[in-house]
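In: sequence and predicted structure are below.
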Amino acid sequence: MTKIAAPLAAALEAKGYASLTQVQQAVLAPEMAGRDALVSAQTGSGKTVAFGLAIAPEILNGTERLLFADVPLGLAIAPTRELALQVARELEWLYAEAGAVIATCVGGMDYRTEKRALDRGAHIVVGTPGRLRDHIERGSLDLSGLRAAVLDEADEMLDLGFREDLEFILESAPEDRRTLMFSATVPAGIAALAKDFQNDALRIQAGGEAKQHGDIEYRAYSVVSRDKEHAIFNTLRYFESQTAIVFCKTRANVNHLMARMSNRGFQVVALSGELSQQERSHALQSLRDGRAKVCIATDVAARGIDLPGLELVIHADLPSNSETLLHRSGRTGRAGAKGVSALIVPQAEFRKAQRLLQGAKVVAEWGNPPSADDVQAKDDERILTHPTLGPAGEEAPLAQTLIEQFGAESVAAAFVRLWREGRSAPEVLTDVSAPPAAKEPRPRGEFGESVWYTLTVGHTGRAEARWLLPKLCEAGGITKNDIGAIRVQQDRSFVQIAKSAAPRFGDGLTVEDGIDMVRMEGEPSLDRPERPRRDPRPPRGDRPVREERAPRAPREDRAPRAERPAREDRPARPAREKAPYQPKPSRFVEDDDAPRAPRPARTEREPFARRDDAPRDKKPRWKPEDRVQREDAPRPRSTGFKSHGSDDKPRSAGFKSHGAGKPGAKPRAAGFKSHSGEDRPARAGFKAAPRDARDTTKRFTPPKKK
């Protein structure tokens, strides 16, 4: 085994690693030195630490303390934000003794903060494909000095449509880099990607994909559709795990189930793609701190996350394929711990669940979900084994007082009530019989020694194997196990009979009227007659050229078209009888069957008169000569005030004031001169001061009302 670098060995020892897992030992093998690798291992086997150890020679380059790095030396790509942040946390403690700087580039986070971290220098960059490509295109991430690249959960990145982003990122890195791919499964897409971006990759299958999830107990609960949510509640109450995760297909299902569980008192958080990165981080932190015990998540959001004490996985909605089932269930049973994966299966999805389990190569225990009595009995067991029921300490005096005042039985009953008060009451479920176990196909070996017979019926007589089988059994008095192959041809059929049962048929017999059975010598030839070979097509140059069509003659040179008979000479079409008009019933008439009044006949309208001929009763248009001329005599004006129409001020020729001299002008109050020059009585308590005596610097304030 390759020796682990001293800084990393010290970090593993401080973390409490007594031994390495199988995948971690595989990446440290001597044949892995400097080579690309495609590694598949079960979830929870320590893959993050494994690729951290694998890229250590390229990152440390023989030193125990890293210096400043102007460009990244290592790159780790993860499909989801949570997984990328989790990988960054693992690499931080693993490379802490070496002084490595870890930077993250994750969607949903502040771009400027990430850019400043990259500008300060980072030895290893961890991110999601979309955000990494964004940094590369903007010039804030330089991969020219990259020595090692890791693709974690590569199969999931292909499923999410990140292939183009991955190709762009890897093409931006040097060709002599080292590329490692880690995945739980290796489908065809991953193998194709490995061929494109890896050179002579070493295939490592750690732990055996067929033996994975040995620490997970699979259970399939058959329920009716209306009890689906109640079965989830009872399952959570029955196991009472430290942390549980419930998987749903859509975000809408996540929100609905979270509302239902919150109303029942469960400490629950949601994890879906519609949440912001800050909300998703807070949800995961609540699960790690113990403030929440149940996480409801979609497949994408919960990919690769590692939660402490996760002992129960519930599939509220069945996954779409077997690989997703394995990835979901792999959240529990990690690093040697035990876990339970429960599938909630309605009656209409029994066969789908069986196909998923067969495709995943796991065996589930079918049955009904925990009933209300089962949950109650489990609660009673937990009460009896509760750690608070130990010897009394400082609480002994108060406990003795409670017993003396209320009695031991009342105190115990109060403890039980307080225990059950904070928990959801179990639900009563409908019993459903489990589906029958899927039958494995019976292995059919060689038929053994046999005799062939021919029948005088075939496809033309509408013969079929399932139609001939009971007739042959009845005619010879044998079972279907004595009959081998039945080959139906166009006009006849061939039947294979076991040699031990052939004497019952002899050289032949009549199976039915018109169907005779005759023994054959040897086996029939069932090969189709070969078709006669066609002559090879001549080369294109030797093919006859199609004669070109002669051009059509001009229109004037063509023969005249025969004249069509005139319309009056054509035979008249027979008159079509028209059905009498039936008016539609009106929606505004209550009685549609009542007879309607006939529509009045139209009257002849008067011819429309032109607009110029119509009489006009409008007022005559005003003309300039009708204007009232102003008087020539000047009008008296107040001291210090000149109106627009005053003659004290020279005016331009033809200028008229606004209202001066017009007929019908209103009388004005005294003390105020209007534009027309007439007086208007002044307002009470108001005196107009001479213009020269006014203080224009102060604003006029009206007198206060008494």
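Out: Great, that's in hand.
In: going forward, measure contacts and count neighbours with C-alpha atoms only.
Out: Will do.
In: buried stuff in stretch 381-401?
Out: Buried residues in stretch 381-401, counting neighbours by 16 or more other Cα atoms under 10 Å, are found at residue 383.
In: make that stretch 25-38, sorry
Out: Of all the residues in stretch 25-38, those buried under the rule 16+ other Cα under 10 Å are 25-28, 32, 35-38.
In: isn't residue 294 right up against residue 241?
Out: No - between residue 294 and residue 241 no contact is recorded; they are 9.0 Å apart, counting by Cα atoms under 8 Å.
In: looking at those two, which is more packed in?
Out: residue 294 (26 against 18; other Cα atoms under 10 Å).
In: beta partners for that one?
Out: residue 244, residue 268 (DSSP bridges).
In: make 715 the starting number, not 1.
Out: Renumbered: residue one is now 715, and that last one reads residue 1008.
In: how about it, what does it touch?
Out: Residue 1008 sits next to 957-960, 980-983, 1001 when contact means Cα atoms under 8 Å, 6 or more residues apart in numbering.
In: most neighbours among those, which one?
Out: residue 959 (30 neighbours).
In: once you drop chain neighbours, what's closest to that one?
Out: Nearest non-adjacent residue to residue 959, counting by Cα to Cα, 6 or more residues apart in numbering: residue 1009, 4.6 Å away.
In: give me the number of residues near the one you found?
Out: Count around residue 1009 with other Cα under 10 Å applied: 24.
In: again, but for the one 3 residues further on
Out: Residues within reach of residue 1012, counting by other Cα under 10 Å, total 22.
In: what's the helix or strand residue 1184 falls within packed up against?
Out: Using DSSP states H and E, residue 1184 maps to helix 1179-1190. If you count contacts as 3 or more Cα pairs under 8 Å, 6 or more residues apart in numbering; DSSP states H and E, helix 1179-1190 packs onto strand 1197-1202, strand 1222-1226.
In: hey, which of these is tucked in deepest?
Out: Of all the helices and strands packed on helix 1179-1190, strand 1197-1202 carries the top mean neighbour count, a mean of 18, counting by mean count of other Cα atoms under 10 Å.
In: tell me which residues in stretch 781-798 are buried?
Out: Buried, per 16+ other Cα under 10 Å, within stretch 781-798: 783, 785-798.
In: then stretch 822-840?
Out: 828-829, 831-832, 835-840.
In: from those residues, which is closest to residue 1033?
Out: Proximity of the buried residues of stretch 822-840 to residue 1033 (Cα to Cα) peaks at residue 840, which lies at 28.9 Å.
In: which residues of the stretch 1015-1164 of the chain fall in strands?
Out: For the stretch 1015-1164 of the chain, applying DSSP state E, counting those that start in this stretch gives strands covering 1024-1029, 1053-1060, 1079-1081, 1164-1169.
In: of those strands, which is nearest residue 929?
Out: strand 1053-1060 (6.6 Å).
In: and the closest one, average pLDDT?
Out: For strand 1053-1060, mean pLDDT rounds to 93.
In: what's it packed up against?
Out: Against strand 1053-1060 (3+ Cα pairs under 8 Å, 6+ apart) you get strand 930-937, helix 942-953, strand 1024-1029.
In: work out the gap between it and the centre of the chain.
Out: 22 Å (Cα atoms, centre = their mean, to the nearest Å).
In: how far off strand 1024-1029 does it point, in degrees?
Out: Taking axes from the mean of the first three to the mean of the last three Cα atoms, to 10 degrees, strand 1053-1060 and strand 1024-1029 form an angle of 20 degrees between their directions.
In: tell me which strands strand 1053-1060 pairs with, and in which orientation.
Out: With DSSP bridges as the test, strand 1053-1060 is paired with strand 930-937 (parallel), strand 1024-1029 (parallel).
In: OK, contacts around residue 906?
Out: Contacts of residue 906 by Cα under 8 Å, 6+ apart: none found.
In: how close does it sit to residue 1048?
Out: Separation of residue 906 from residue 1048 (Cα to Cα, to the nearest Å) stands at 29 Å.
In: how about residue 779?
Out: Residue 779 is 32 Å from residue 1048, by Cα to Cα.
In: ok, these two, which is more surrounded?
Out: residue 1048 (24 against 14).
In: quick check: bridge partners of the closest residue to residue 916 other than its chain neighbours?
Out: Closest residue to residue 916 apart from its sequence neighbours, by Cα to Cα, 6+ apart: residue 751 at 4.5 Å. Beta bridges link residue 751 to residue 894, residue 916, judged by DSSP bridges.
In: I'd assumed residue 909 was in contact with residue 751.
Out: No - under the criterion of Cα under 8 Å, residue 751 lies out of contact with residue 909, with a separation of 11.0 Å.
In: quick one: low-confidence parts of the stretch 915-1064 of the chain?
Out: The model of the stretch 915-1064 of the chain has pLDDT under 70 over residues 921-928, 1015-1018, 1049-1050.
In: recalculate using a threshold of 80.
Out: 920-929, 987, 991, 1014-1023, 1047-1051 (pLDDT under 80).
In: residue ranges of each domain in the chain, please.
Out: 720-924, 930-1091, 1164-1233 (automatic domain parsing).
In: mind listing the helices for the stretch 865-1014 of the chain?
Out: Taking DSSP state H, counting those that start in this stretch, the helices of the stretch 865-1014 of the chain run over residues 868-873, 877-885, 902-911, 942-953, 965-977, 991-1003.
In: of all those helices, which one comes closest to residue 846?
Out: Closest approach to residue 846 among those is made by helix 877-885 (7.5 Å; Cα to Cα).
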